[in-house]
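Chemist: I would like to see how this sequence folds:
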Amino acid sequence: METEQLLKKVRDYIRQGVLPGVDVLHEDVDVAAVQIPKELAVVTRDSLMLLQKRHPVDWLQLDRLRAHSDRGKRAGYTEYIHYFSLPDEQILAPAIEQHPLTVLFSYLDGSGKHKVDDFVQHFTQRYTMIEKMLRVRPELQNSLSISRVLKKQEREPVCIIGIVMDKSESKNGNIMLTIEDKTGTIKALVSKAKPDLFQQARDIVFDEVIGIDGVCGNRIVFVNNIFWPDVPYSKELKKTEEDVHAVFLSDIHVGSMYFLHKEFGRFLKWISGQSGSDAQRAIAQKVKYIIIAGDIIDGVGIYPGQDKELIIQDIYQQYEECARLLQKIPPHINIIICAGNHDALRLSEPQPPLDKDFARAIYALPNVTVVSNPSLVTLHAHDPSGGVDVMLYHGYSFDYFVANVESIRSKGGYHRADLIMKFLLKRRHLAPTLNAALRIPDTQTDPLVISKIPDILVTGHIHYSLVGNYRNITLISGSCWQSTTEFQRKMGHTPEPGRAPVINLKTREVKILKFIDEEAA
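Modeler: Modelled structure (predicted):
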């Protein structure tokens, strides 16, 4: 077919509404390029056949498959084209449905050497970012710099915004904070005579940014209130209009002798519609997204004696085996993966996407999107609702806060991922304390600041599945697919493996499906 005829056909389909979301057409020798918001898809002769079939197609996803095909990985693309070339009566459902995924944030920088000044600039950027969030609060709109507060008379009311430089207990049992901003430092005392305030102050950690109001003393502020950037109460409960589901996994740990191969196989059969009750199969049919929050392999050299617990001791082979398993997931389901501390790349956060050399087998899967840790994606972005924003964070900082925040430790620790996530959302930072996780000091921004509030926050790492809600943000901890290791026993961890949280994006209801017999854990 000549180029002019091809373009005419495509324009006809645009006018008929068969090809939605099109803004611009560009002429080319063999193809017509279709501009879809923020991305470019290519309409080829194969695409024209799909248009003639008039079945719903995710054009951006099809174009990604075509790109893989151009690089020699034809299997996925050929399969779909062949599928749609069948007679209409043999096509039971569209092979690629319209459920585009938008990556809002995925961190790629951070390599190279770093100096002390890089950390100074990094913390300055963090302070600036969170200070803006705090200044929105009416109580802090008239906050002063610390240098100006130090010149105030005693008993004058003041409010300040600063980063917590130090925290200690006074001789009288009060909490003494050292607060710093760009202009100086000042002491802030929280009296034990104010029990509610004192209890809040006990959970303050180093390096977080807070607001304070109180009265001046001699180079000190006596605190009346503490303010955090937090999530607004007015946060909308975002729902899609289409009835679609997303599954949340984490900590698969392929390569470990403790990997629950049989149980993960049950999950793969269920997601493929081959097992489960009628109700469970109905859920599986509506799943369009699987989000995996890190540690897809067990890695090598992660902890002492790990080599004795590996059945696959080669990193490449671990990723290849993981890819072989993920390939069994129906190809119309988008799989989104971020890294964890067991994956083969730097441990410091933010972590970039999986290494393209080590994890090349994962990148070869046409329905996989690999993002950084942390990252932010929009599911079902084409939906009239605008889709649902999901923040992925593996959760390496959780260990620090379980150990150092009394309210978390005393109320369940590792079994209360919801408390940890609420703690971090309140501070609008995924690892506010420098020692909570090894840090890459970006001098332009702090990628661990929660600038855009997600609709769903999904984490892993602690191997214990739990679902919660905080101000219309769904909190999901993604279980694991590894039974208890000797190292975990020594550390006192009690995992709860083989669970898969599933959320209905239309209702925001969450179910946790169990694929394990209790004795297998």
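Chemist: Which residues does the longest strand anywhere in the chain contact?
Modeler: In the chain, assigned by DSSP state E, the strand with the most residues is strand 157-169. For strand 157-169, the surrounding residues in contact (C-beta atoms under 8 Å, 6 or more residues apart in numbering) are 123, 126-127, 131, 134-135, 139-140, 142-146, 149, 152, 175-181, 185-186, 204-216, 221. The C-beta positions use only the backbone N, C-alpha and C, and glycine is treated the same way.
Chemist: before we move on, what about stretch 304-315?
Modeler: Residues outside stretch 304-315 that contact it (C-beta under 8 Å, 6+ apart) are 254-259, 297-301, 318, 321, 344, 358, 485-487.
Chemist: How far does that stretch stretch from one end to the other?
Modeler: 17 Å (C-alpha to C-alpha, to the nearest Å).
Chemist: Weed out the non-buried ones from the contacts of stretch 304-315.
Modeler: 254-256, 258-259, 297-300, 318, 321, 344, 358, 485 (16 or more other C-beta atoms under 10 Å).
Chemist: ok, what's across the strand from Tyr464?
Modeler: Glu496 (DSSP bridges).
Chemist: tell me the pLDDT at it?
Modeler: With respect to pLDDT, Tyr464 scores 90.
Chemist: Check Ala41 too.
Modeler: We have a pLDDT of 50 for Ala41.
Chemist: What is the least confident helix or strand in the protein?
Modeler: strand 25-27 (a mean of 39; mean pLDDT, DSSP states H and E).
Chemist: Look up the residues forming beta bridges with the spatially most central residue of the chain.
Modeler: By C-alpha atoms, centre = their mean, the chain has its centre lying nearest to Leu392, at 0.7 Å. Here Leu392 sits in beta bridges with Ser375, Val458, as judged by DSSP bridges.
Chemist: can you check Ile512 too?
Modeler: Pro501.
Chemist: ok, now Phe259?
Modeler: Gln482.
Chemist: Please look at it and Pro497 and confirm they touch.
Modeler: No. Phe259 is beyond contact range of Pro497, at 9.8 Å (criterion: C-beta atoms under 8 Å).
Chemist: quick one: common contacting residues for those two?
Modeler: What both Phe259 and Pro497 touch, as defined by C-beta under 8 Å, 6+ apart, is the set 481-482.
Chemist: which residue ranges form the helices in the stretch 151-300 of the chain?
Modeler: Ranges of helices in the stretch 151-300 of the chain, per DSSP state H, counting those that start in this stretch, are 195-202, 261-271, 278-286.
Chemist: can you redo those as TSV with distance to Tyr107 and mean neighbour count?
Modeler: Shown next, in TSV, are those (distance: least, C-beta to C-beta, whole Å; neighbours: other C-beta atoms under 10 Å):
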stretch	distance to Tyr107	mean neighbour count
helix 195-202	32	14
helix 261-271	29	18
helix 278-286	31	14
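Chemist: Ok, which of the ones you listed comes nearest Leu438?
Modeler: The closest of these to Leu438 is helix 195-202. By C-beta to C-beta, the value is 26.2 Å.
Chemist: for the record, mean pLDDT for that closest one?
Modeler: Averaged across helix 195-202, pLDDT comes to 96.
Chemist: and if you look at stretch 287-294?
Modeler: 96.
Chemist: Run the chain-centre distance for it.
Modeler: For stretch 287-294, the gap between its own C-alpha mean and the chain's C-alpha mean amounts to 10 Å (C-alpha atoms, centre = their mean, to the nearest Å).
Chemist: Check stretch 417-430 too.
Modeler: Centre-to-centre, stretch 417-430 and its host chain are 13 Å apart (C-alpha atoms, centre = their mean).
Chemist: list the buried ones in that stretch?
Modeler: 417-430.
Chemist: Next: stretch 448-467.
Modeler: Counting neighbours by 16+ other C-beta under 10 Å, one finds that the buried residues in stretch 448-467 are 448-450, 453-467.
Chemist: do the same with stretch 378-392
Modeler: By neighbour count with 16+ other C-beta under 10 Å, stretch 378-392 contains the buried residues 378-383, 385, 387-392.
Chemist: who touches it?
Modeler: 21, 98-102, 104, 238-242, 244, 246, 288-289, 291, 293-294, 336, 338, 371, 373-377, 450, 452, 454-458, 505.
Chemist: What ranges in this structure fall below the confidence cut-off?
Modeler: 1-99, 110, 518-521 (pLDDT under 70).
Chemist: change it to 80
Modeler: 1-100, 109-112, 486-493, 517-521 (pLDDT under 80).
Chemist: Packing partners of the helix ranked longest in it?
Modeler: Longest helix in the chain by number of residues (criterion: DSSP state H): helix 116-135. Helix 116-135 sits against strand 157-169, strand 209-216, with contacts defined as 3 or more C-beta pairs under 8 Å, 6 or more residues apart in numbering; DSSP states H and E.
Chemist: now these as CSV including mean neighbour count?
Modeler: Below are the helices and strands packed on helix 116-135 laid out as CSV (neighbours: other C-beta atoms under 10 Å):
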stretch, mean neighbour count
strand 157-169, 18
strand 209-216, 22
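Chemist: Minimum distance to Phe264: which of those strands has it?
Modeler: So among the helices and strands packed on helix 116-135, strand 209-216 is nearest, using C-beta to C-beta, at 41.0 Å.
Chemist: Partner strands of the closest one, with direction?
Modeler: According to DSSP bridges, strand 209-216 has the following sheet partners: strand 157-169 (antiparallel), strand 220-227 (antiparallel).
Chemist: Tell me which of the ones you listed approaches Asp109 most closely.
Modeler: The closest of those to Asp109 is strand 157-169. By C-beta to C-beta, the value is 23.4 Å.
Chemist: for that closest one, the distance to its chain's centre please.
Modeler: Distance of strand 157-169 from the chain centroid (C-alpha atoms, centre = their mean) equals 30 Å.
Chemist: can you give me the angle that strand makes with helix 116-135?
Modeler: 130 degrees (axes from the mean of the first three to the mean of the last three C-alpha atoms, to 10 degrees).
Chemist: tell me the angle of strand 157-169 relative to helix 195-202?
Modeler: Orientation of strand 157-169 against helix 195-202 (the same axes, to 10 degrees) gives an angle of 60 degrees.
Chemist: Need the CA coordinates for strand 157-169. PDB is fine.
Modeler: What follows is strand 157-169, C-alpha atoms only, in PDB (Å, rounded to 0.1, in the frame of the first residue of the first chain):
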ATOM      1  CA  PRO A 157       6.000  33.800  70.700                       C
ATOM      2  CA  VAL A 158       7.800  32.500  67.600                       C
ATOM      3  CA  CYS A 159       7.700  29.800  65.000                       C
ATOM      4  CA  ILE A 160      10.500  28.200  63.100                       C
ATOM      5  CA  ILE A 161      11.100  25.600  60.400                       C
ATOM      6  CA  GLY A 162      14.300  23.500  60.700                       C
ATOM      7  CA  ILE A 163      16.100  20.200  60.300                       C
ATOM      8  CA  VAL A 164      16.600  18.100  63.500                       C
ATOM      9  CA  MET A 165      20.400  18.200  64.000                       C
ATOM     10  CA  ASP A 166      20.400  16.500  67.500                       C
ATOM     11  CA  LYS A 167      18.000  15.000  70.100                       C
ATOM     12  CA  SER A 168      18.800  14.200  73.700                       C
ATOM     13  CA  GLU A 169      17.200  14.000  77.100                       C
END
